[in-house]
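Student: sequence plus predicted model, see below.
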Amino acid sequence: MADQQQHQTLSDECNHNMISNLYKALALRDATTVHRLLAPNIEWWFHGPPSCNRLMRLLTGCTTSDEDNSFDFNPVSIVPIGSVVLAEGCFPGSCEVSWVHAWTVTDGVITQVREYFNTSVTVTRFAKSANVHVGSPSVDKCQCVWQSQLTDHASMPSLLLAV
């Protein structure tokens with residue numbers, strides 16, 4: 001059991017470092033490093049106003065304005081939870097507009113990103129049970145493992161992300 005926990009800790013640290021390095025490469029506009037960290041067929045989910053979809057435009061090189069080119073994603077926090085790494089930040093100069101990225105790392109490569117703008121995100125982990133069925137009493141056995149800190153939970157749309 002101790003070996004498994006130590007392996008998870010090392011895995012979490014590696015995943016954290018990978019996402020941290022991705023943000024550094026994005027800030028430097030280092031396309032070589034970005035492409036090395038991302039799977040070529042990365043799965044993308046976006047929740048927010050289309051005008052705020054800057055990460056996709058930045059990663060694909062399809063920037064449409066000087067604002068896109070000058071925008072930097074500087075996470076306030078990066079938190080690994082197994083293969084999912086959560087990063088949260090806000091628009092430069094205004095934390096009234098916030099973002100959350102949920103990155104999935106598989107075999108040392110980023111394979112998925114879920115991007116949320118101006119949305120309160122809560123991440124839960126469901127209890128491991130082979131007998132969980134929709135409508136059964138054990139479905140509500142989930143544990144909150146992370147929640148957005150930069151959003152006003154009362155005035156923002158809320159999403160629940162299960163890992």
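Tutor: Done, it's in.
Student: quick one: strands adjacent to the lengthiest strand in the chain?
Tutor: Using DSSP state E to define each element, the chain has its longest strand at strand 94-106. Strand 94-106 has its sheet partners listed here by DSSP bridges as strand 84-91 (antiparallel), strand 109-117 (antiparallel).
Student: could I get the buried residue list for the shortest one?
Tutor: Buried residues in strand 84-91, defined by neighbour count with 16 or more other C-beta atoms under 10 Å: 84, 85, 86, 87, 88, 89, 90, 91. Every residue, glycine included, has its C-beta placed from N, CA and C.
Student: looking at the residues you listed, spot the one nearest residue 111.
Tutor: Using C-beta to C-beta, the shortest approach to residue 111 within the buried residues of strand 84-91 belongs to residue 84, at 10.9 Å.
Student: I'd say the closest one and residue 103 touch.
Tutor: Yes - taking contact to mean C-beta atoms under 8 Å, the distance of 7.0 Å between residue 84 and residue 103 places them in contact.
Student: okay, angle between the lengthiest helix in the chain and strand 94-106 too, please.
Tutor: For the chain, the helix that runs over the most residues, judged by DSSP state H, is helix 2-28. Here helix 2-28 runs at an angle of 130 degrees relative to strand 94-106 (axes from the mean of the first three to the mean of the last three C-alpha atoms, to 10 degrees).
Student: pLDDT of helix 2-28, averaged?
Tutor: Per-residue pLDDT over helix 2-28 has a mean of 85.
Student: one step back: and the contacts of the longest strand of the chain?
Tutor: Outside strand 94-106, the residues within contact range by C-beta atoms under 8 Å, 6 or more residues apart in numbering are 14-15, 18-19, 22, 39, 43, 48, 52, 55, 73, 75, 83-91, 110-119, 121, 123, 148, 150-151, 161.
Student: ok, residue 42 to residue 19 distance?
Tutor: As defined by C-beta to C-beta, to the nearest Å, residue 42 lies at a distance of 13 Å from residue 19.
Student: let me fix that, I meant to ask about residue 28.
Tutor: When distance is defined by C-beta to C-beta, residue 28 is 15 Å away from residue 19.
Student: tabulate the buried residues of strand 84-91 (a markdown table), appending distance to residue 62 and pLDDT.
Tutor: Shown next, in a markdown table, are those (distance: C-beta to C-beta, whole Å; pLDDT from 0 to 100):
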| residue | distance to residue 62 | pLDDT |
| --- | --- | --- |
| 84 | 26 | 92 |
| 85 | 24 | 94 |
| 86 | 25 | 91 |
| 87 | 21 | 93 |
| 88 | 24 | 88 |
| 89 | 21 | 86 |
| 90 | 23 | 80 |
| 91 | 20 | 74 |
